[in-house]
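Enquirer: starting from these lines, generate the structure:
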Amino acid sequence: MVAKAADLDVTVETRDGHHMGELVSAPKADGFAVRVLEGVEA
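Expert: Numbering: from 1, shown residues only. Sure, this is the predicted structure:
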């Protein structure tokens, strides 16, 4: 059986908001959906 979809929960500690943006943008650029669930400062 071939998997057609998978959900991953990943916990990452970042240095600051800029670093978080870099970590989120990389998988998004490859077409993955990314959701940040907590720890976002405006």
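Enquirer: drop to CA atoms for contacts and neighbour counts, all remaining ones
Expert: OK.
Enquirer: and for Thr14, the neighbour number?
Expert: Residues lying near Thr14 (other Cα atoms under 10 Å) number 13.
Enquirer: OK, contacts around it?
Expert: Neighbouring residues of Thr14 by Cα atoms under 8 Å, 6 or more residues apart in numbering: Met20.
Enquirer: report pLDDT for Leu23.
Expert: We have a pLDDT of 93 for Leu23.
Enquirer: ah, wrong one, I meant His18
Expert: His18 is given a pLDDT of 92.
Enquirer: SS state for Glu22?
Expert: Secondary structure for Glu22, judged by DSSP: H, G, I helix; E, B strand; the rest coil, is helix.
Enquirer: how close does it get to Arg35?
Expert: According to Cα to Cα, to the nearest Å, Glu22 and Arg35 sit 14 Å apart.
Enquirer: same thing with Ala3?
Expert: Ala3 is 21 Å from Arg35, where distance means Cα to Cα.
Enquirer: for those two, indicate the residue with more neighbours.
Expert: Arg35 (9 against 5).
Enquirer: got a pLDDT number for that one?
Expert: pLDDT for Arg35: 90.
Enquirer: and it, what helix or strand is that in?
Expert: According to DSSP states H and E, Arg35 maps onto no helix or strand at all.
Enquirer: do Val10 as well
Expert: If you go by DSSP H and E, Val10 is not part of any helix or strand.
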